[in-house]
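Visitor: Dropping the sequence and predicted coords here.
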Amino acid sequence: MATGSVEIIYRGVFQKTLAKNICRDIVFAARKRDKVGITFSRYSDSPERNGIPAKQFAVVADTDEEMEEYLSRYEPGNNDVTIVCDDTLCKGIESWGWNGVQPINSLLKENGTLLVTSERSPNGLIGDIHRKGAPYNLAIIKAPASFSGMWVFRDDHTDVRLLGAVAKVAPNVLTLDSLIAAINEPKKNDAKAASAKRGYDEVTSTPVGADQGNEAIPIKFELPHMSQMEECLVVRGEHVREEAPGWQGGYRPGRNPVFKKFSTRSARPVVNFDTCTKCSFCWLQCPDSVFNVAPDGYYDPDMEACCGCGICKEVCPVADCITMVGEEAFTDNQSQWELWKKDDKKYTEWLAEKQQSEVTRSHGLHHVGQYAEEIAAEEKRS
Ligand code: SF4
Ligand code: SF4
């Protein structure tokens, strides 16, 4: 039986280097203890896409035979630790290939540890995470979602801080000594070793009961039987009018009823209808046909369909009409246009509150020079 395994859930492309570095050090540290280690990724629609949830695994075993036995499964379950590199993923994840939302803790074993980089409180995170039906521990390393090591982003030691925390919560996978030995090879790196020690010392852990957490039932779809499958990808949909209850007129583009993208996003657009000019750019340019045309001609983004790419914000010609707001500021996918129609004053307050959580994380579409700005801001923080 394998002695330990770790699942790393991260934002595709943006955090791939971070995830790779975490896995690599687990394997190197295992070898320092005369164990065998292996790492591999799971992504059903390779290559990865920007920001879409993806996974890597690192497995440590005593012998080659144990490792072979463990790897005969398709996807490792019962992991000792699930590392979540971006706390907005705590609401559940959906990569392109899954049908529905997978709770973030679904592959974690009973009494295992969900280890999250976050600046939020344990209770706030537990409110987002689906109930597991079995006890586990929520461990937190205080840090923002990091792009460590990607392109021009400097290595901010998030990888070794997380690994130090793994050494604390799952010593069967990793010990601090073996981690530091791995960090120092081939070249001694006192700064990284100190960061690993910091992660070990600073990680906090909160027990989570079987019944604690988000009560929502994760979305699941009935998959077609093999005999019903068709050649090529078929995205069905129909153009529907007056579909939404209470809507007289308006227009909703046809969407695939079994492909909801909201759990892939880390931020969502919020619209200021008071300044919107109905120019239609957002509606035309959204790659996922997310905008419904409301009966009065405004464009209402459907929050079940939006993946949070931020293109609508980029193309909107009105300053501050669309704001990208961090996903942690929301608990539902309600229609913004309906809220606004119901009570525009209340909506203005709601909007102002949400705009406090504006995010400027890059998705590769911002103007040249943004990376330099982001790095400067990060350096100021640390
Ligand atoms: S962020 Fe905007 S452009 Fe991107 S999917 Fe959502 S609504 Fe469409
Ligand atoms: S792009 Fe901006 S101004 Fe134009 S319709 Fe969309 S939200 Fe309104």
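Guide: Happy to help now that I have it. Numbers count the residues shown, from 1 in each chain. Ligands and ions are numbered 1, 2, ... in the order given.
Visitor: In this protein, what residue spans correspond to strands?
Guide: Secondary structure of the chain by DSSP state E: the strands cover 4-11, 36-42, 53-61, 79-84, 108-118, 136-142, 204-208, 267-271, 291-293, 299-301, 322-326.
Visitor: Might you calculate how far the third one sits from the centre of the chain?
Guide: Okay, so that is strand 53-61. Going by C-alpha atoms, centre = their mean, to the nearest Å, the spacing between the C-alpha centre of strand 53-61 and its chain's C-alpha centre is 16 Å.
Visitor: Return the distance of the residue in the chain sticking out farthest from the centre relative to ligand 1.
Guide: Relative to the centre of the chain, the most outlying C-alpha is that of residue 248, 36.3 Å out, by C-alpha atoms, centre = their mean. Between residue 248 and ligand 1 the distance is 24 Å, computed by C-beta to the nearest ligand atom, to the nearest Å. (Glycine included, C-beta is placed from N, CA and C.)
Visitor: Residue numbers of the stretch 101-250 of the chain in contact with ligand 2?
Guide: With C-beta under 6 Å from any ligand atom as the criterion, the stretch 101-250 of the chain does not meet ligand 2 at any residue.
Visitor: Which parts of the stretch 101-250 of the chain are helices?
Guide: Counting by DSSP state H, counting those that start in this stretch, residue ranges of the helices within the stretch 101-250 of the chain are 122-128, 158-169, 176-183, 190-202.
Visitor: hang on, the earlier thing: format the strands of the chain as a markdown table; extra columns: mean pLDDT.
Guide: Converted to a markdown table, the strands of the chain look like this (pLDDT from 0 to 100):
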| stretch | mean pLDDT |
| --- | --- |
| strand 4-11 | 93 |
| strand 36-42 | 89 |
| strand 53-61 | 91 |
| strand 79-84 | 97 |
| strand 108-118 | 97 |
| strand 136-142 | 97 |
| strand 204-208 | 97 |
| strand 267-271 | 95 |
| strand 291-293 | 92 |
| strand 299-301 | 96 |
| strand 322-326 | 94 |
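Visitor: can you put these in TSV and add mean neighbour count and distance to residue 156?
Guide: Formatted as TSV, the entries for the strands of the chain read as follows, by neighbours: other C-beta atoms under 10 Å; distance: least, C-beta to C-beta, whole Å:
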stretch	mean neighbour count	distance to residue 156
strand 4-11	26	15
strand 36-42	18	21
strand 53-61	25	19
strand 79-84	26	16
strand 108-118	22	11
strand 136-142	20	12
strand 204-208	15	20
strand 267-271	24	21
strand 291-293	23	36
strand 299-301	24	33
strand 322-326	21	19
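Visitor: for ligand 1, what are the nearby residues on the stretch 201-350 of the chain?
Guide: Along the stretch 201-350 of the chain, the residues adjacent to ligand 1 under the rule C-beta under 6 Å from any ligand atom are 269, 286, 288, 290, 301, 306-312.
Visitor: Give the residue spans of the stretch 201-350 of the chain that score low on pLDDT.
Guide: Applying pLDDT under 70 to the predicted model, the residue ranges of the stretch 201-350 of the chain that meet it are 221, 230-246, 256-259.
Visitor: how does it look with 90?
Guide: Along the stretch 201-350 of the chain, segments meeting pLDDT under 90 span 216-267, 287-289, 295, 304-305, 307-311, 314, 326-328, 331.
Visitor: about what we covered before: skipping adjacent residues, who's closest to the residue farthest from the centre of the chain in space?
Guide: Nearest residue to residue 248, sequence neighbours excluded (C-beta to C-beta, 6 or more residues apart in numbering): residue 295, at 5.4 Å.
Visitor: Touching, the one you found and residue 249? I think so.
Guide: Yes. Taking C-beta atoms under 8 Å as the definition, residue 295 is a contact partner of residue 249 at 3.9 Å.
Visitor: more crowded one of those two?
Guide: Comparing residue 295 with residue 249 by neighbour count (other C-beta atoms under 10 Å), the higher total belongs to residue 295, at 17 against 11.
Visitor: could the residues of the stretch 201-350 of the chain next to ligand 1 be laid out in a markdown table, adding distance to residue 197?
Guide: What follows is those, written out as a markdown table (distance: C-beta to C-beta, whole Å):
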| residue | distance to residue 197 |
| --- | --- |
| 269 | 41 |
| 286 | 46 |
| 288 | 44 |
| 290 | 45 |
| 301 | 45 |
| 306 | 41 |
| 307 | 38 |
| 308 | 36 |
| 309 | 39 |
| 310 | 37 |
| 311 | 42 |
| 312 | 44 |
